[in-house]
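1. the sequence and its predicted three-dimensional model are supplied below.
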Amino acid sequence: MITTPIKTSFFIKKKTKRTDVSTVFFRMTHQDHSATISLKIDIKTADWDEHKCHVQKSHPAHNQLSTLMDQMRRNALNLQQDMMLRGRTPCVMHIKDRLTRAHSTSVNSDPTFLEVFDKAIDRKTLLKGLGNTPATIQKYKRCRAHLVNYLQAYYKRNDICFDQLNLAFMEDFELYMKTKGGCQHNSTMKYIQTLKTIFRVAKSRNITTSDPFLGFKISMRIVDREFLSEEELQRIISTPLPTRYMESSRNMFLFACFTGLSYIDMKNLRVHHLVKDNDRYWIRTKRQKSGVASNIPLLPIPLALIRKHHPDINAADPAQSVLPVTSNQKTNRALKKIAEHCNINKELTFHIARHTFATTVTLSNGVPIESVSKMLGHRRIATTQHYAKIVDKKVEEDMRVLEGKLRFG
């Protein structure tokens, strides 16, 4: 990494307007950033050479002060070189912090933002399965990758110290994510929430006292989720399909429509997750995304799909997949063809099946929202309530159709 060296200088500042005593300061400048350190040494203003930015040779402590000033300058440049060797863009605020902590001898003792971020990822990876899901770890890694790209694009660096993070930094990160990062509003907010979590970790460890989120509002927008109507779902069930591949993808999709399983949870589903209780088979599993238990009684359609592959469920290998599952990409590609074949004018994806289960299959048919939330494996019922709003919207639309048909009065 090629970078210009930091500029160093010394100057004095009067302690008060009415005194002739001044304090010596050390200033470092790099690009558009500067940092100032007090040497905590007072001298008479007349003993300072403004032209040379140095104490007069006639001063009794000239040699000692010269040694100290040279040492400050040398230490600053050494720290800059150390940061460059470690692949980090020099940060004068970070160097200031190192110079003002006499007990610290290593840059390692004052971690940067990405160093704290990496330790958080390592910790979550070690605790995977113990409150940290693979999806959470992947989210942190994606956020880190976006942050590095943002730093390189806006700051021409690979890392940054905590003292340089402020409200403008977060606002620019939001802008970057929504433009160059290719993220929608809610995804951007979730990534910023992750950064806020890293900041809380740094604060709890006394690494920083600043708060770049002061004045920044993290807000989520309600997004209308696509789902199939009862008539569209029936069309997918009954329409003959030309290939086995499309039939297999339809079976996967329908299984999810009547169980609410996400793609990854369906892929992970094994025969041992099928439990018979009171003459009914249940799916008893945990969501990979959240680790929350998901208990789903099997309706006739998904049970029939299972028995196509496992005629005797009790005799099946417990470790076998419940249904053959192809990649999500291939499945979604097949679903687009199925939508065209069934004359459905929606962008059919596998996740629409989960939304269809929540709306058309359960809530629209009077299943209590508490039961739906439990089957979906939601942590909070508020997450499920969004589907209820969609159902209310459908009721309103149905009533408008009814208004057009009524001829009373």
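-> Sure thing, it's come through.

2. remind me which residues of the stretch 201-350 of the chain are low pLDDT?
-> For the stretch 201-350 of the chain, residues meeting the criterion pLDDT under 70 lie at 224.

3. so where do the strands sit in it?
-> 274-277, 280-286, 293-297 (DSSP state E, counting those that start in this stretch).

4. out of those strands, which is closest to residue 63?
-> strand 280-286 (71.5 Å; C-beta to C-beta). Placement of C-beta: from N, CA and C, glycine included.

5. pairing partners for the closest one, with directions?
-> Neighbouring strands of strand 280-286 in its sheet, by DSSP bridges, are strand 274-277 (antiparallel), strand 293-297 (antiparallel).

6. what's the closest of these to residue 165?
-> Ranking the strands paired with strand 280-286 by their distance to residue 165 (criterion: C-beta to C-beta) puts strand 293-297 first, at 38.4 Å.

7. re the thing from before, how about the strands of the stretch 201-350 of the chain in a markdown table, adding distance to residue 249 and mean neighbour count?
-> Below are those laid out as a markdown table (distance: least, C-beta to C-beta, whole Å; neighbours: other C-beta atoms under 10 Å):
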| stretch | distance to residue 249 | mean neighbour count |
| --- | --- | --- |
| strand 274-277 | 22 | 14 |
| strand 280-286 | 20 | 17 |
| strand 293-297 | 21 | 17 |
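
8. next, format these as JSON lines and append distance to residue 185.
-> Rendered in JSON lines, the data for those read as follows (distance: least, C-beta to C-beta, whole Å):
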{"stretch": "strand 274-277", "distance to residue 185": "39"}
{"stretch": "strand 280-286", "distance to residue 185": "30"}
{"stretch": "strand 293-297", "distance to residue 185": "28"}
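
9. out of these, the one nearest residue 157 is which?
-> Ranking these by distance to residue 157, with C-beta to C-beta as the measure, places strand 280-286 first at 41.0 Å.

10. which residues are in contact with that closest one?
-> The set of residues that contact strand 280-286 without belonging to it, under C-beta atoms under 8 Å, 6 or more residues apart in numbering, is 259, 261, 265, 268-269, 273-276, 292-298, 303, 306, 313, 377.

11. about what we covered before: which one, of the strands paired with strand 280-286, ends up nearest to residue 338?
-> Distances from residue 338 to each of those were compared using C-beta to C-beta; the shortest belongs to strand 293-297, at 23.6 Å.

12. middle-most residue in the chain, spatially?
-> Nearest to the centroid of the C-alpha atoms of the chain, with distances taken as C-alpha atoms, centre = their mean, sits residue 191, at 3.4 Å.

13. isn't that residue right next to residue 183, touching?
-> Yes - with contact defined as C-beta atoms under 8 Å, residue 191 counts as touching residue 183 (7.1 Å).

14. which residues do the two both contact?
-> For the pair residue 191 and residue 183, residues contacting each of them under the criterion C-beta under 8 Å, 6+ apart are 146, 177.

15. rewinding a little: format the strands paired with strand 280-286 as TSV; extra columns: distance to residue 321.
-> Written out in TSV, the entries for the strands paired with strand 280-286 read as follows (distance: least, C-beta to C-beta, whole Å):
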stretch	distance to residue 321
strand 274-277	11
strand 293-297	17
